[in-house]
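A.B. asks: how would this look folded up:
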Amino acid sequence: MLQEEFDIANLIARFIARNITDKELIDLKLWKEASQENNSLFEKLIRPEHYDRFQWMASQYDAQEAWNTFQKRLLVQKKWKYYSIFTRWYYYAAILLLPLLVVYFIRQQSVQDNCLMSIENKETVTTITPGSSKAILTMADGLQVDLDQSEAFELEEKGAKINKDSSVLKYESATSIQEEVYNQLYVPKGGEYSLVLNEGTKVYLNAMTTLRFPVHFTGNERRVELQGEAYFEVSPSDKPFIVQTKETTVEVLGTTFNISSYTQDEFTRTTLVSGRVKVSLNGSNESVFIAPSQQAAFNHKTGRLSVLEVDISSDIAWKNGLFYFKDWRLEDIMTCLSRWYDFDITYSDKEIMNYRFGCKFDRYGKITPILELLEKTNKISAKVNGKTIVLKGRN
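C.D. replies: As a prediction, this is how the structure comes out:
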């Protein structure tokens, strides 16, 4: 148990430092979702207002001394059995976790220019909050299940078992199914959700996304239909895995990639993390193959399909709990933010929509820092009116 808690402490430190791998992020997310107590603790430890305290601790920290102290405390672990997980975790935080956070935070900030972002919230925006795990499952008979409200459950759909545990929906084949029966998962504005298909493929769905999929794959291919944005970790198989969007068809055997296919966006983008992907235009013979760190971008206006070299960390940042905008137009930034924070946007000056900005920040934090960042450029003023953000240019 102590080893597990120590490992989680290290994962939180790496998360704060933006130095966490995809696998570690999944482990951390599973731990957070295991209980409300875990999630509440995590939120407390990553609050921006703690950073000043971390700065002071950096000058006082001795790594060897902290580790020696921690080892000594292991000798009295039996005394902790009467204390809650919060008591034990704050104890860890005092002697090990917070110093680790300090060192990671200070070192990372010295080599990375993420954002000129204020960490002091001068005004708390209470009406606009970050999204959470929520989705609506529509079954073959039309029955809808609100996954945000429901507890963990297990049911059957045409021979396939469906398990809902925390914020993950998992399908398993219970019996042989001859017909292809479809379910649909819809993630609304201000939501995200994870899905494991019956053959092991993992899908992470972003806000305002719909995925239609069979409860059990039959035939010679594995085909799903996507509208919105999703990150796929495809289970290897001799049957091709196909993602159908309105404009493109993406075909793989076993690989990891992200597809962003929002109807209101200018592009449908397929970004490859690992493996090899074929992207074809629907209703056309045109297709391209992309390698890792490449992106197939279809322009909705021109109808052109092109291959670009990209920084994949920016395109998959949402899946890793971040927003990472690299020289994005203001309109595109605010559109992306509005899907997650569930707000409306008004531009008093249309020309500011094409202003470009760059920034990286926590997806699960408040929206205040990004608004402060825009204000600090002296190009934009931002005003929050309920669930609407009003942006105007500064003369």
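A.B. asks: From the contact counts, what lies against the one helix or strand Leu337 maps to?
C.D. replies: Following DSSP states H and E, one finds Leu337 within helix 330-341. Under the contact definition 3 or more CB pairs under 8 Å, 6 or more residues apart in numbering; DSSP states H and E, helix 330-341 sits against strand 322-329, strand 344-347, strand 356-362, helix 368-376, strand 388-393. Any C-beta I mention is one placed from the backbone N, CA and C, and that applies to glycine too.
A.B. asks: State the mean pLDDT of the longest one.
C.D. replies: Helix 368-376 shows a mean pLDDT of 87 in the predicted model.
A.B. asks: Next, the buried residues of that helix.
C.D. replies: By 16 or more other CB atoms under 10 Å, the buried positions in helix 368-376 come out as Thr368, Pro369, Ile370, Leu371, Glu372, Leu373, Leu374.
A.B. asks: Closest one to Gly254 out of those, please.
C.D. replies: The shortest distance between Gly254 and any of the buried residues of helix 368-376, using CB to CB, involves Ile370 and amounts to 36.7 Å.
A.B. asks: now Ile352, what's its secondary structure?
C.D. replies: helix (DSSP: H, G, I helix; E, B strand; the rest coil).
A.B. asks: For it, list the residues it contacts.
C.D. replies: Taking CB atoms under 8 Å, 6 or more residues apart in numbering as the contact definition, Ile352 lies against Leu330, Lys379, Ile380, Leu391, Lys392, Gly393.
A.B. asks: again, only this time at 6 Å
C.D. replies: Contact analysis of Ile352 by CB atoms under 6 Å, 6 or more residues apart in numbering lists Leu330, Gly393.
A.B. asks: Read off the pLDDT value for it.
C.D. replies: The score at Ile352 is 92. That number is its pLDDT.
A.B. asks: same thing with Leu25?
C.D. replies: Predicted confidence (pLDDT) for Leu25: 81.
A.B. asks: measure the nearest residue in space to it that is not next to it in sequence to Glu24 for me?
C.D. replies: Counting by CB to CB, 6 or more residues apart in numbering, Leu25 lies nearest to Asn320, which is 5.5 Å off, once chain neighbours are set aside. Here the criterion is CB to CB, to the nearest Å. By it, Asn320 lies 10 Å from Glu24.
A.B. asks: Compare those two and say which is more crowded by neighbours.
C.D. replies: Remark: of Asn320 and Glu24, Asn320 carries more neighbours, 19 against 15, as counted by other CB atoms under 10 Å.
A.B. asks: Tell me how far that one lies from Lys278.
C.D. replies: 26 Å.
A.B. asks: so Glu157 makes contact with Val215?
C.D. replies: Yes - under the contact definition of CB atoms under 6 Å, Glu157 touches Val215, with a separation of 4.9 Å.
A.B. asks: So which of the two has more stuff around it?
C.D. replies: Applying other CB under 10 Å to Glu157 and Val215 shows that Val215 carries more neighbours, namely 24 against 20.
A.B. asks: who's in contact with the more buried one?
C.D. replies: Counting by CB under 6 Å, 6+ apart, Val215 has contacts Glu157, Ala160, Tyr171, Val181, Asn183.
A.B. asks: Which of the residues you listed fall in strands?
C.D. replies: Among these, the ones falling in strands (DSSP state E) are Glu157, Ala160, Tyr171, Asn183.
A.B. asks: Name the nearest of the residues you listed relative to Asp238.
C.D. replies: Within those, the smallest distance to Asp238 is 20.1 Å, found for Tyr171 (CB to CB).
A.B. asks: Look up how far Val224 lies from the residue nearest to the closest one when sequence neighbours are not counted.
C.D. replies: Nearest residue to Tyr171 in three dimensions, chain neighbours excluded: Asn198, at 4.2 Å (CB to CB, 6+ apart). Summarising the geometry, the distance separating Asn198 from Val224, computed by CB to CB, is 12 Å.
A.B. asks: cool, Leu322 as well?
C.D. replies: Applying CB to CB to Leu322 and Val224 gives a distance of 26 Å.
A.B. asks: Any chance you could list what contacts the helix holding Leu337?
C.D. replies: Judged by CB under 6 Å, 6+ apart, the contacts made with helix 330-341 from elsewhere in the structure are Ile128, Gly131, Lys189, Ala207, Met208, Phe325, Ile345, Ile352, Met353, Tyr355, Ile367.
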